[in-house]
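Enquirer: this one's sequence-less:
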């Protein structure tokens, strides 16, 4: 939770970081946040929380971040800066008595409170730049359980919600700690409470709970609870877990267990307004926590099921178009989320090109402002043969090249210094020329599309390199694999290949291929050459050779392929070689073999928009690879003749003026291109 209103604290309201508490290691994940949404992922803290994290909170000035978790010490706190996590603060001298359920800082930053699962159910401490002070005395009247805790923005009250009647306890709060418990509200919530929040003006308090109406709100004053507000006309559809008011006090939102998983209403002194329309793209599953950004321009929900965190623009009109998922997804259920306003991380961005002559791979620093930097030194051990595909791992710690000659794939550590010492080849090599390579979104697997049966090889991936090759799918692709892609949540894998049906897709469990999905009802019209999932996971695109329309796009869901979208009104002019979606899923680009060699279109749930104007300076020849930069501010095309790679600024208007070519060019025909970024 973000304490956004206090006369005692003056902080920026611009969100710079979005943090997630998760049930899977590393338990806390922090994402840099920019105007386009998720950017990179901060490095994990050196000392992780001890177990499943239930809640996360930033201090009001974002100089600290705290995590409530299941195993002793039940609360972990860290300094926070533009560089991310600092060295963990010493544990409080008197620990919370049991599993941490929720954590909150007071709005003036002078206290921190932890709701926990055993008596006395609440622990509060003074807070300073040195960390935890001596625990405040327990309240005279204890809660009977605790699930969530919140301070009022005026710093005068603290509320704890719980699973048993009366479901909410509230106390005055001061520099001395807890005051005498307020009288219970006249009308209690109807069931176990999971979330509590005060409005930004401290004039209302809301409770999310297990039984209908699932949300209950009361007027609040120094006298305590007022008469319950009338329920909203349209109720949430399931058990409420998280509730939040916008910091301007004009909206209230709730995370709950059943679709649409998130429900929001206008809010005023009169109570609930008419429910906002659900977001066009819903969260993937049951909501666990919800938070508005401190500037009221975004809303985020932590939830079950990948991608585990979902964010939307927010305005007086309600939800905007979902932000693209983070590049590096959490590995488990999102249980809590929080916005912070400090995040001046510097991004090292890089771009790499796989090409036809030695050294077969060229890599460069990348700047959205300046373009290509000075080429990195070649790897000490070069790939063997034509580089046909290149990919960075999601966190930018590795780079892999698919190439024509055994061992068919080569991988290297990657850092701001460039290539590290080549990883040992996989014990079981791909069986033929590597034509493309990609990492799974969580970085736990690497897949190679190859020229010989079984046409795709997938391996576990770790900091040690390749693991033992996974078993082949029960139903193989029917021809040489030209391209391979994982869905953004890592639950599916698709291969574009040379013979009908030209595209094969499978569930992916992280350990094995599932049963092949049914072929699309309308097949691509020729050999599959490129494949990509949209970053929101709702579309899959295939480029094909031989016959028009050269690109086919289908809705994608847990059931597989939907009915093919209508072709773009203006088709690519020749054989489609590769395809990419922008990180926000709002654009799609196709590299192809006749001028203008690259075609780009707006993309939405309705399909292709009107083709963007061609770039003023075209790529020099056949476009063989295409990629957007991680922040969506640039697009690069690999092509057959010098300069072998061409890059442009990218915006909502399409292509900008071509970047200057790299000083040291790739040495041969470009076959693939990839970007990455690393927070430093």
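Expert: Structure received. Predicted model, so just to flag it, every value in this text is computed and none were measured.

Enquirer: Point out where the protein drops to low pLDDT.
Expert: Residue ranges of the chain with pLDDT under 70: 1-11, 345-346, 680.

Enquirer: swap the cut-off to 80 and go again
Expert: 1-12, 40, 327-328, 344-347, 510-511, 631, 679-680 (pLDDT under 80).

Enquirer: Which strands or helices does the helix or strand harbouring residue 542 pack on?
Expert: Residue 542 belongs to strand 539-544 when assigned by DSSP states H and E. For strand 539-544, the packing partners by 3 or more C-beta pairs under 8 Å, 6 or more residues apart in numbering; DSSP states H and E come out as strand 492-497, strand 503-507, strand 528-533, strand 551-557, strand 576-581, strand 587-592. Backbone N, C-alpha and C define where each C-beta goes, glycine included.

Enquirer: Any buried residues in the fifth one, and which?
Expert: Going by neighbour count (16 or more other C-beta atoms under 10 Å), the buried part of strand 576-581 is 576-581.

Enquirer: From the residues you listed, pick the one nearest residue 627.
Expert: Nearest to residue 627, judged by C-beta to C-beta, of these is residue 580 at 5.4 Å.

Enquirer: if I read this right, that closest one contacts residue 588, doesn't it?
Expert: Yes - counting by C-beta atoms under 8 Å, residue 588 is a contact partner of residue 580 at 7.3 Å.

Enquirer: quick one on the thing from earlier: output the helices and strands packed on strand 539-544 in CSV, with distance to residue 466 appended to each entry.
Expert: Output for the helices and strands packed on strand 539-544, formatted as CSV (distance: least, C-beta to C-beta, whole Å):
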stretch, distance to residue 466
strand 492-497, 17
strand 503-507, 20
strand 528-533, 22
strand 551-557, 28
strand 576-581, 25
strand 587-592, 29
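
Enquirer: Need the nearest residue in space to residue 678, chain neighbours excluded.
Expert: Computed as C-beta to C-beta, 6 or more residues apart in numbering, the closest residue to residue 678 that is not its neighbour in sequence is residue 396, at 4.0 Å.

Enquirer: and the residue lying closest to residue 426 once chain neighbours are set aside, what does it touch?
Expert: Nearest non-adjacent residue to residue 426, counting by C-beta to C-beta, 6+ apart: residue 466, 3.9 Å away. Counting by C-beta atoms under 8 Å, 6 or more residues apart in numbering, residue 466 makes contact with 411, 423-427, 446, 459-460.

Enquirer: filter these to the buried ones?
Expert: For the contacts of residue 466, buried by 16+ other C-beta under 10 Å: 411, 423, 426, 446, 459-460.

Enquirer: List the pairing partners of the particular helix or strand that has residue 266 in it within its sheet, with orientation.
Expert: Residue 266 belongs to strand 262-268 when assigned by DSSP H and E. Partners of strand 262-268 in the sheet, by DSSP bridges, are strand 251-256 (antiparallel), strand 271-272 (antiparallel).

Enquirer: starting at the chain centroid, how far to the shortest one?
Expert: On the basis of C-alpha atoms, centre = their mean, to the nearest Å, strand 271-272 sits 32 Å off its chain's mean C-alpha point.

Enquirer: After it, which helix or strand is next?
Expert: strand 287-292.

Enquirer: neighbouring strands for that following strand, and are they parallel or not?
Expert: When DSSP bridges is applied, strand 287-292 pairs with strand 298-303 (antiparallel).

Enquirer: and whichever helix or strand comes after the strand it pairs with, which residues are buried?
Expert: Next in sequence after strand 298-303, counting helices and strands by DSSP H and E, comes strand 309-315. Across strand 309-315, burial judged by 16+ other C-beta under 10 Å covers 309-314.

Enquirer: what is the orientation angle of strand 309-315 with strand 262-268?
Expert: Relative orientation of strand 309-315 versus strand 262-268 (axes from the mean of the first three to the mean of the last three C-alpha atoms, to 10 degrees): 30 degrees.

Enquirer: mind listing what the helix or strand just after strand 309-315 pairs with, with the direction of each?
Expert: Following strand 309-315 in sequence order, the next helix or strand is strand 318-319 (DSSP H and E). Partners of strand 318-319 in the sheet, by DSSP bridges, are strand 309-315 (antiparallel).

Enquirer: starting at the chain centroid, how far to the partner strand?
Expert: Relative to its parent chain, strand 309-315 has a centroid offset of 12 Å by C-alpha atoms, centre = their mean.

Enquirer: Contacts made by that strand with the rest, please.
Expert: 18, 20, 37-38, 246, 251, 279, 283-284, 292-293, 296-303, 319-323, 325-326, 330, 334, 337.

Enquirer: rerun that using 7 Å as the cut-off
Expert: With C-beta atoms under 7 Å, 6 or more residues apart in numbering as the test, strand 309-315 has contacts from 18, 20, 37, 279, 283, 292, 296-303, 319-323, 330, 334, 337.

Enquirer: do the same with stretch 226-244
Expert: Residues contacting stretch 226-244 (C-beta under 7 Å, 6+ apart): 185-187, 194-195, 197, 206-210, 212-220, 253-259, 263, 265, 271-272, 274-275, 287-292.

Enquirer: Go ahead and confirm residue 406 touches residue 429.
Expert: Yes - taking C-beta atoms under 7 Å as the definition, residue 406 is a contact partner of residue 429 at 6.3 Å.

Enquirer: Please identify which of the strands paired with strand 262-268 is closest to residue 402.
Expert: Checked against C-beta to C-beta, the stretch from the strands paired with strand 262-268 lying closest is strand 251-256, at 41.6 Å.

Enquirer: Give me the residues contacting that closest one.
Expert: With contacts defined as C-beta under 7 Å, 6+ apart, strand 251-256 is touched by 206, 208, 214-215, 236-245, 261-267, 287-290, 292, 299, 301.

Enquirer: just stretch 283-295 next, same as before
Expert: Outside stretch 283-295, the residues touching it (C-beta under 7 Å, 6+ apart) are 1-2, 4, 13-15, 241-244, 246-247, 253-257, 261-262, 299-307, 310, 314, 334-339, 341.

Enquirer: Which positions are bridged to the residue nearest to residue 426 in the beta structure?
Expert: residue 461.

Enquirer: Next, count neighbours for residue 205.
Expert: For residue 205, the count of nearby residues is 27 (other C-beta atoms under 10 Å).

Enquirer: List the contacts of residue 401.
Expert: Taking C-beta under 7 Å, 6+ apart as the test, what residue 401 contacts is 354, 360-361, 383, 387, 390, 410, 437.

Enquirer: Among these, give me the pair with the biggest separation.
Expert: Pairwise over the contacts of residue 401, using C-beta to C-beta, the maximum falls at 360 and 437, 12.8 Å.

Enquirer: Compare these two (neighbour count), which wins?
Expert: Taking other C-beta under 10 Å, residue 360 and residue 437 do not tie; residue 437 has more neighbours (31 against 28).

Enquirer: Let me see the contact set for that one.
Expert: 389, 391, 400-402, 409, 446-448.

Enquirer: What sits closest to it if chain neighbours are left out?
Expert: residue 402 (4.1 Å).

Enquirer: OK, contacts around residue 186?
Expert: The contact partners of residue 186, by C-beta under 7 Å, 6+ apart, come to residue 227.

Enquirer: In JSON lines: the strands paired with strand 262-268, plus distance to residue 112.
Expert: Listed next are these as JSON lines, based on distance: least, C-beta to C-beta, whole Å:
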{"stretch": "strand 251-256", "distance to residue 112": "23"}
{"stretch": "strand 271-272", "distance to residue 112": "31"}
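
Enquirer: Would you mind saying which of those strands lies nearest residue 648?
Expert: strand 251-256 (38.4 Å).

Enquirer: how about that closest one: buried residues?
Expert: 251-256.

Enquirer: again, but for stretch 234-241
Expert: Of the residues in stretch 234-241, those buried (16+ other C-beta under 10 Å) are 235-236, 238-241.
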